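In: What follows is a predicted structure for the sequence shown.
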Amino acid sequence: MIEAQYRVAVRDATQVGEARRVAASLSSALGLAERDAGRVALIVNELASNLHKHAGGGELLLRELRDGASLGVEVLALDRREGGMDVEASMRDGHSTSGTRGEGLGAVRRAAQEFDAFSGSAGSVVLARVWPAGPRKEIFQIGVVSQPMEREQQCGDGWAFRVRLPWLRALVVDGLGHGPLAARVAQTAAEEFQETDELPGPEAIAHRLHGALRSTRGAALAVAEIDFVSRKLRFCGIGNIAASIDNGTGRPRGLVSHAGIAGHEARRIQEFSMPWPADGLLLMHSDGIGTRWKLEEHPGLQGRHAAVIAGVLYRDFRRTTDDATVLAIKEP
């Protein structure tokens, strides 16, 4: 299902406090134990303080994580500090550029089960995840950022994924327009997607969602399936959800979607398939993310966690006049 993702813009000390309150509220809603909630609070406080004191401001994104019955919290910190930061130096206790004790990233890394960071000339992205059940053995990584346009409370984009090994299926949907009505379309598509495990693949799923959205204002959507045994990627899109696959070269190959509006007019619904490479990275995003990004312009980003990749693309290519969603999937 579409998990909530909370955004806190951090520019001053008061917003560091707001980030702590959002973290406490999310931990409480998920029923995290006091120890785990404390780890989330520490991570959020350190990352928000880092944005305020060292980066000149930035964004903190928090969302719930689900892995079967296990619940966790993901924190992404995004900044645009010129020249980035020295990630390795920043994780050493005692390192500081502002006269503080310099325990920020080192403390964050110790508190998180999953940690990754990327820094380049345009700024930095830091990922920290807390899983109460402890570290997980990953077969794949999923990273996502999904945010409404400015001045909207509800996001008209949506996303979801299903796993029945050896396959993983993912959906990105963009309800026409913005606000509550578009959000309702995205939610309808995500809910219907949960009931499609027995369908043979993305083309059949796209037909199912097309029918389910007939009573709505419609949407653009795309469905992808990765089979980790046969090493195949299958893809079917209706409308302007952009998608590409990269084999580690930094030069993605675009995936084909046909014109149309799911729920209204889709003259051609067609599935395409291709090999899934060993270093494969699947990227899918709504038109709230610009299409002129190039991974090769971010040396080293391809090797980072999928959530960090999604965070960089959102930070650098988001259009503030539209809902924006970017989904990244890769093998660790």
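Out: Structure received. Numbering: from 1, shown residues only.
In: Of all the residues in whichever strand or helix holds F235, which ones are buried?
Out: Assigned by DSSP states H and E, F235 falls within strand 232-238. The neighbour-count criterion (16 or more other C-beta atoms under 10 Å) identifies 233-238 as the buried residues of strand 232-238. From N, CA and C alone the C-beta is placed, and that goes for glycine too.
In: I'd like the average pLDDT over it.
Out: The pLDDT scores in strand 232-238 average 98.
In: on contacts alone, who are the packing partners of that strand?
Out: helix 202-212, strand 219-227, strand 242-246, strand 272-275 (3 or more C-beta pairs under 8 Å, 6 or more residues apart in numbering; DSSP states H and E).
In: Just the CA atoms of that strand, as CSV, please.
Out: C-alpha atoms of strand 232-238 as CSV (Å, rounded to 0.1, in the frame of the first residue of the first chain):
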residue,chain,number,x,y,z
LYS,A,232,13.8,-10.8,-17.0
LEU,A,233,12.3,-7.4,-16.7
ARG,A,234,8.7,-7.0,-18.0
PHE,A,235,7.1,-3.5,-18.3
CYS,A,236,3.8,-2.0,-19.3
GLY,A,237,2.8,1.7,-19.2
ILE,A,238,-0.1,3.9,-20.0
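In: Now the phi/psi pair for the nearest residue to C155 once chain neighbours are set aside, please.
Out: Counting by C-beta to C-beta, 6 or more residues apart in numbering, the nearest residue to C155 once its immediate chain neighbours are dropped is P148, at 4.0 Å. Main-chain dihedrals, P148, degrees, to the nearest 10: phi -70, psi 160.
In: center of the chain - which residue?
Out: V144 (0.8 Å; C-alpha atoms, centre = their mean).
In: give me the beta-bridge partners of that one?
Out: Taking DSSP bridges as the rule, V144 bridges to L327.
In: Tell me who's in contact with it.
Out: 5, 63, 159, 307, 310, 325-328 (C-beta atoms under 8 Å, 6 or more residues apart in numbering).
In: The nearest residue to G300 once chain neighbours are set aside is in what secondary structure piece?
Out: Nearest in space to G300, with sequence neighbours left out and distances taken as C-beta to C-beta, 6+ apart, is F118 at 6.8 Å. Assigning secondary structure by DSSP H and E places F118 in strand 114-120.
In: Pull up the pairing partners for that strand, direction included.
Out: By DSSP bridges, strand 114-120 pairs with strand 123-130 (antiparallel).
In: Send me the stretch of helix or strand R20 belongs to as PDB with only the CA atoms.
Out: Here R20 sits within helix 13-30, counting by DSSP H and E. Provided in PDB are the C-alpha atoms of helix 13-30 (Å, rounded to 0.1, in the frame of the first residue of the first chain):
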ATOM      1  CA  ALA A  13      16.400  25.600  15.100                       C
ATOM      2  CA  THR A  14      12.600  25.600  15.500                       C
ATOM      3  CA  GLN A  15      12.200  23.200  12.600                       C
ATOM      4  CA  VAL A  16      14.700  20.800  14.200                       C
ATOM      5  CA  GLY A  17      12.200  20.600  17.000                       C
ATOM      6  CA  GLU A  18       9.400  20.100  14.500                       C
ATOM      7  CA  ALA A  19      11.300  17.200  12.900                       C
ATOM      8  CA  ARG A  20      11.700  15.600  16.400                       C
ATOM      9  CA  ARG A  21       7.900  15.900  16.900                       C
ATOM     10  CA  VAL A  22       7.100  14.300  13.600                       C
ATOM     11  CA  ALA A  23       9.500  11.400  14.400                       C
ATOM     12  CA  ALA A  24       7.900  10.900  17.800                       C
ATOM     13  CA  SER A  25       4.400  10.800  16.200                       C
ATOM     14  CA  LEU A  26       5.400   8.300  13.500                       C
ATOM     15  CA  SER A  27       7.200   6.000  16.100                       C
ATOM     16  CA  SER A  28       4.100   6.100  18.300                       C
ATOM     17  CA  ALA A  29       1.700   5.400  15.300                       C
ATOM     18  CA  LEU A  30       3.800   2.400  14.400                       C
END
